[in-house]
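Student: one predicted model, sequence on top.
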2 protein chains.
Amino acid sequence: MSDYRAPVKDMRFVMDELAGFKELSQIAAYEEATPDLADAILDEAAKFAGEVLAPLNRVGDKEGCKLTASGVNTPNGWKEAYAQYREAGWNGITSPAEFGGQGLPDTLGIVVKEMLCSANMAFSLGPLLTTGAVEALLTCASDELKAIYLEKMVSGEWTGTMNLTEPQAGSDLALIRSRAEPQADGSYRVFGQKIFITYGDHDMTENIVHLVLARLPDAPAGVKGISMFLVPKFLVNADGSLGARNDAYCIALEHKLGIHASPTCVMAYGDNGGAVGYLLGEANRGLEYMFIMMNEARLGVGLQGIAIGERAYQQALAFARERKQGRDALTGEALVTIDKHPDIRRMLMLMKSRVEACRALAYYTSGLLDRAHAATDADEKRRNLFLAEFMIPIVKGGGTEMGIDVTSLGIQIYGGMGFIEETGAAQHWRDSRITTIYEGTTGIQANDLLFRKLMRDQGATAKVVFGEIYATAKALGASGKPELQAIAQRLGIALKAWTEATEWLAGNAKTGLSGVLTAAVPYLHLAVTVCGGWFMGKAALAAAGYLDKGKGDQAFYRAKIATARFYADQLLPQAIAFAETVKAGDAALAGIGDEVF
Amino acid sequence: MSDYRAPVKDMRFVMDELAGFKELSQIAAYEEATPDLADAILDEAAKFAGEVLAPLNRVGDKEGCKLTASGVNTPNGWKEAYAQYREAGWNGITSPAEFGGQGLPDTLGIVVKEMLCSANMAFSLGPLLTTGAVEALLTCASDELKAIYLEKMVSGEWTGTMNLTEPQAGSDLALIRSRAEPQADGSYRVFGQKIFITYGDHDMTENIVHLVLARLPDAPAGVKGISMFLVPKFLVNADGSLGARNDAYCIALEHKLGIHASPTCVMAYGDNGGAVGYLLGEANRGLEYMFIMMNEARLGVGLQGIAIGERAYQQALAFARERKQGRDALTGEALVTIDKHPDIRRMLMLMKSRVEACRALAYYTSGLLDRAHAATDADEKRRNLFLAEFMIPIVKGGGTEMGIDVTSLGIQIYGGMGFIEETGAAQHWRDSRITTIYEGTTGIQANDLLFRKLMRDQGATAKVVFGEIYATAKALGASGKPELQAIAQRLGIALKAWTEATEWLAGNAKTGLSGVLTAAVPYLHLAVTVCGGWFMGKAALAAAGYLDKGKGDQAFYRAKIATARFYADQLLPQAIAFAETVKAGDAALAGIGDEVF
């Protein structure tokens, strides 16, 4: 088992220097989010994550969940940990005060989320889904439904689920078959089977609020005929007490590669006469509502890659500082801890620099969403929202792919012991593997970046990003410091690669669709790589400023510059390769069909 | 569960066109290895692998091995499958006829090995270790020990193990503490604990022959004081029958991330008075003997990455051809199998092209070893041996890292179903994860390539390789065919990157050791990438020849060219990035110590 200590100092650096948290508290909507309050919250969250959730991570992996006659049982200690989580008020920190939340900005909330997920990804999924469901109700529920459900979901007294997938409908939601029949009282009866339902059932709360995508009898075919329904596990009486058990049951649990403690349920709705459900918002707009939440959910999953990467890094570093093996190649010292070996250092720095780059992108994006949310000027709102939406597939795709790579390096640093489950390094790798799949695969993120985020404004948002990266490179170059200039040079080359690849895509979008689609994922990797370098460059500039002033922890700021330079040397050169690959399109497959396989 | 059909046609193409198998049968030593015999052997092996071993792969993963009072029990069906394996004579096909083997070349043996490993990696490890032990006995056992043990190990009647690792001695074998005390009768008593012993105990054979590294009482410290001992599970009587149970026991099984059906044992030697052992070869030369076998063992592990990548590819392709999801972006067809989506095609082609590139490198290397083995001229022997030894870390490092990437793509193609263990895609990924660790981590392969294989002859062998790659690029360029010329161009650029990085290393080896050590793994990736492109280029040339002549399966040859071009477009550009990274060395970490983490 490994410890987890939230990297509060790093997190705070990103919040303040790269995500504009300090400025957020100047906005009226977030005036309560003072630096002092942030300190207090981060310290408490770090304590809860490290002391309560982290020790349960391996327990959960070993025990998993069990389906019994009375429903799903979570692993030992889960119920108690959830009770502590709820009682401490963690669930509602970013929810509106109107429903019992604290109304704090996401830029603070995302840091707490990272801690919970680093400590125990399987645990953190329950609250993540609940927050998503809360967002959905805020978006489209009637006042009556809001009054009945929201407060209890914000507090965490009840959890929420999202029911999209069916056996035949995964990435393609047009194929959803679940149906809902209107009843005389205005409610509906929902029928259908849903799969891959996270926390579809569990024993941590008295009630569960399922949001279910289904079709009305007269609905058009395809995605334009999907509506969203609220289906509680237990019906709720007028006085708020729990009524009859609804016809919504977990009928099987999946045996998964990772996140064993997160129950992944096959849910049967209406096998015994119909599950009582309530229409959310308007008929046939279910997918639209889902997409409103999707951006934030995707940011949350990108964060999972970062969180689990951080955990794996801490564990690998602790091991490398203890394990003695081999002679120091430089000093000749006979038996040294393996963190002295240059290749182990390289791997640790790869882990650290990639996690930090993605963390900066995620927090920055969160800051943009907060600004969009709080903006009173329509243009400012739109600008921040478009920027955030442009970044989200980059954070989701980049954070999750990074998480898999970084947790794999964590195993590698352990050597043979990494392959033994007791060590815990393998669990991070297994847990991380779902993140590039759920909430839209990496391929779907790439298409979202290309066909929605890049092209919807004819590249206008992309140009803003390119301009900012150029400005960062210029500032690095003008610093007069060789270590920053080295970053500037590589960032400039990488930016050029990205702009050229973007031009190639724009030029081929109409006539060479197959090539563009083939290039989508390499293009996403390209964007991730360059954006990571952009924020590492910004971090280095901020750190250099503090070094110049002789303020604060000098070693910390020197480390930030070294980490940024390492990223520039080891990661940024890949931009050239990705751009080459993008521009190759699918030329290799021209003139050949399925017989190529 | 997934099927496995050995890709005999692809394998044969590589053997004949890229590994020089046809020419081998012209050499006296291998005159029996006719094309007809090869056909017969490959067909039979494919049948055995597909029908007997492949169906047990998932069974083994689910059941794992169990340690009972009487020893280790393998999963259901294992014993019977092993009996079939042994009876069909598969174990000894490349062993010397003198001890009951068939004396066939490794270039044929490696193909059979790939099939067994694709079908069931956990099963194939037993025979792999036995073959390694046979090699060790051939290298250094006395005639008496050979007479007692070799025939039964060649036939597979007994299996073999290699006992190197101890809890404190992993990559650093200098730390081995196991000891051996000489006895009056010339035998030894061995004492010590070994960990990670593959098939250290099992119920498939009556006896197991352990090769154990240990120290004699007067041995010098470090790696120069390690001797190798043969320690049988059961002592062998003069008439060849089994005698007393030796003091060598499996005392625990590891719970591993993958290869569950391969028992990974903690072995206790001498807890009850001492395990009877016999010195192999001369005292204190154990590590040297181990290294003689190491090259072949590493080739075998590189092959595992290829084998499991092939299996994952077949499974992903079968799924992609069945699973319907989404609209065809090009034709607009409403609901198509996912293999029609460009990003899925990209992933399938990545899997296929990377597996094929590494397979070609592995078989080619095997061919070099056969040539070295059979050569009567000392120069020719040395030339082939040096080339093979240069390629081995490339195959080991490249094949295994590729295997992890490719099995991960296999999961990705499955989407959510890939995360469910029943599907079987996740098992390949888990199984593959050990391959970059055992028989020397990727970091150790990189150091081997750099400090032994590259520098021992001042780059002379590397120059031979560079020359051959140049010749291949030139031939592609001179073909007059645009698709080959496209490969030529990328191969030329990649080769230039490799030579420049090599020059940088040579120039810094003495003065910038820390930077060179930091660059070792990126350098290995660079070598793998370019060598893969070299052999894909050779494959494309061979295929173009058949197309020109209008001979054979034209679709097959067109696919070979498309696959080579795909590799060139998607993989070769990475060479530039790796070279940049190599040349960056550890500049980022200059002037900063442990406080960077």
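Tutor: Ah, there it is. Numbers count the residues shown, from 1 in each chain, chains lettered A, B, ... in the order given.

Student: the closest residue to chain B within the stretch 201-350 of chain A: neighbouring residues, count only.
Tutor: Checking the stretch 201-350 of chain A residue by residue against chain B with C-beta to the nearest C-beta singles out residue A:342 as nearest, at 3.7 Å. (C-beta placed from N, C-alpha, C; glycine too.) Applying other C-beta atoms under 10 Å in any protein chain shown, we find 24 residues neighbouring residue A:342.

Student: leaving out the residues flanking it, which one is nearest to it?
Tutor: The shortest distance from residue A:342 to any residue other than its chain neighbours is 3.7 Å, reached at residue B:517 (C-beta to C-beta, 6 or more residues apart in numbering or on different chains).

Student: with residue A:434 instead?
Tutor: Using C-beta to C-beta, 6+ apart and skipping residues adjacent in sequence, the residue nearest residue A:434 is residue B:419, 4.9 Å away.

Student: what about the one you found, distance to residue B:408?
Tutor: 12 Å (C-beta to C-beta, to the nearest Å).

Student: how about residue A:395?
Tutor: According to C-beta to C-beta, residue A:395 stands 20 Å off from residue B:408.

Student: okay, those two: which has more neighbours?
Tutor: Neighbours were counted for residue A:395 and for residue B:408 using other C-beta under 10 Å; residue A:395 has more, 30 against 25.

Student: in what helix or strand does the more buried one lie?
Tutor: Using DSSP states H and E, the element containing residue A:395 is helix A:378-414.

Student: and what of residue A:111?
Tutor: Taking DSSP H and E as the definition, residue A:111 sits inside helix A:106-119.

Student: put the alpha carbons of stretch A:424-440 into PDB.
Tutor: These are the backbone C-alpha positions of stretch A:424-440, laid out as PDB (Å, rounded to 0.1, in the frame of the first residue of the first chain):
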ATOM      1  CA  GLY A 424      -0.200  -1.300  -5.700                       C
ATOM      2  CA  ALA A 425       1.600   0.200  -8.700                       C
ATOM      3  CA  ALA A 426      -0.300  -2.200 -11.100                       C
ATOM      4  CA  GLN A 427      -3.700  -1.100  -9.700                       C
ATOM      5  CA  HIS A 428      -3.100   2.500 -10.800                       C
ATOM      6  CA  TRP A 429      -2.400   1.300 -14.400                       C
ATOM      7  CA  ARG A 430      -5.400  -0.900 -14.400                       C
ATOM      8  CA  ASP A 431      -7.700   1.800 -12.900                       C
ATOM      9  CA  SER A 432      -6.400   4.300 -15.400                       C
ATOM     10  CA  ARG A 433      -7.200   2.200 -18.500                       C
ATOM     11  CA  ILE A 434     -10.900   3.100 -18.500                       C
ATOM     12  CA  THR A 435     -10.300   6.800 -18.700                       C
ATOM     13  CA  THR A 436      -9.500   6.900 -22.400                       C
ATOM     14  CA  ILE A 437     -12.800   5.100 -23.100                       C
ATOM     15  CA  TYR A 438     -15.600   6.400 -21.000                       C
ATOM     16  CA  GLU A 439     -17.200   9.900 -21.400                       C
ATOM     17  CA  GLY A 440     -16.100   9.600 -25.100                       C
END
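
Student: mind checking pLDDT for the closest residue to residue A:368 other than its chain neighbours?
Tutor: Across the structure, with C-beta to C-beta, 6+ apart as the measure, the residue nearest residue A:368 apart from its sequence neighbours is residue A:388 (3.7 Å). Listed pLDDT for residue A:388 reads 97.
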